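In: have a look at this fold, sequence not included:
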């Protein structure tokens, strides 16, 4: 199993107009997976239509690429909040349900729930926040019976302004409390590095995560930093032979591995998307990983 077989690229790195260039570049590097966002799909970046999602999915299918996940679920919706009043809470439930329905149209397996602004707890206690968060996902999942989409909860470090579910052990605990097979954890390498979480912890969480974000602190470019390399090497070593809840490679569907998605800041690959993407992927190829 090679890194390219498990690598996904975040579509946050470029504007939608560059999709044809990116499609050709990913095919040249034998990368078959994409992590997208609602804002990359249609004309209305806040609420793409099903028809736009179908056309978007077909574009990538024609390029030989599968949409594996969707992130940035609440971008452009500052009024939504898990801990808001009853009306806001209900609207926030409905929005995540809509995102899951959109993911079904895209045939994306995973919805990444980071969105620290939507889950800032402010003055309420952690215990009360946990109770409300469990109630939130209970109501979301009740509306999604029969859905194939899995939600992945993401730790967002306090240094980014978050005040709830900032550490991976908290993600592990809240996932256990929710207790639903379609709500799992996502390991974020940049967050683990920022939080100074140990290699042993990261190895353990890697085996619990069907999808992994690979980023450096501050969402810088991977190929411009040597941060987190020890973590990604440990993750690779721990999961290179794991058969678990991860993706099914189109060329090796009998074995499942956690997908590793390169996470990027918005427009990180502009202005020369092809050259920057080539440079990034070639840098990844040079990283010494066990086979």
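Out: Arrived safely, thanks for sending. Remember, it's a predicted structure, so these values are computed and weren't measured experimentally.

In: in this protein, which helix or strand is least confident?
Out: strand 247-248 (a mean of 42; mean pLDDT, DSSP states H and E).

In: residue 166: what's it in contact with?
Out: 155-158, 195 (Cβ atoms under 8 Å, 6 or more residues apart in numbering). Bear in mind the C-beta positions are built from the backbone N, C-alpha and C, glycine included.

In: kindly report the same for residue 89.
Out: 81-83, 136.

In: what about the strands in the stretch 101-250 of the chain?
Out: 110-113, 150-154, 183-188, 211-214, 247-248 (DSSP state E, counting those that start in this stretch).

In: format those strands as TSV; extra columns: distance to residue 200 and mean neighbour count.
Out: Below are these laid out as TSV (distance: least, Cβ to Cβ, whole Å; neighbours: other Cβ atoms under 10 Å):
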stretch	distance to residue 200	mean neighbour count
strand 110-113	24	24
strand 150-154	21	24
strand 183-188	13	25
strand 211-214	16	26
strand 247-248	25	18
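
In: if I look at residue 205, how far off is residue 197?
Out: The spacing between residue 205 and residue 197, counted by Cβ to Cβ, to the nearest Å, is 8 Å.

In: overlap in contacts, the two.
Out: Common contacts of residue 205 and residue 197 (Cβ under 8 Å, 6+ apart): residue 168.

In: between those two, which has more neighbouring residues?
Out: Neighbour count, other Cβ atoms under 10 Å: between residue 205 and residue 197, residue 205 has more, with 23 against 18.

In: hmm, the more buried one is touching residue 187, no?
Out: Yes. If you go by Cβ atoms under 8 Å, residue 205 and residue 187 touch, sitting 4.6 Å apart.

In: what touches both of these two?
Out: In contact with both residue 205 and residue 187: residue 168, using Cβ under 8 Å, 6+ apart.

In: point to the residue nearest the middle of the protein.
Out: By Cα atoms, centre = their mean, the mean C-alpha position of the chain lies nearest to residue 112, the distance being 4.3 Å.

In: rebuild the contacts of residue 166 as CSV, extending it with distance to residue 46 and pLDDT.
Out: Shown next, in CSV, are those (distance: Cβ to Cβ, whole Å; pLDDT from 0 to 100):
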residue, distance to residue 46, pLDDT
155, 25, 98
156, 21, 97
157, 26, 96
158, 28, 96
195, 31, 96
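
In: out of those, which end up buried?
Out: 155-157, 195 (16 or more other Cβ atoms under 10 Å).

In: show me which pair in the residues you listed is furthest apart.
Out: The most widely separated members of these, counting by Cβ to Cβ, are 156 and 195 (10.1 Å).

In: ok, which stretches of the protein are helices?
Out: 3-6, 19-28, 50-62, 86-106, 126-142, 168-178, 189-194, 199-206, 229-239, 273-285 (DSSP state H).

In: for the second one, buried residues please.
Out: Think helix 19-28. Residues of helix 19-28 classed as buried by neighbour count (16+ other Cβ under 10 Å): 19, 22-23, 25-26.
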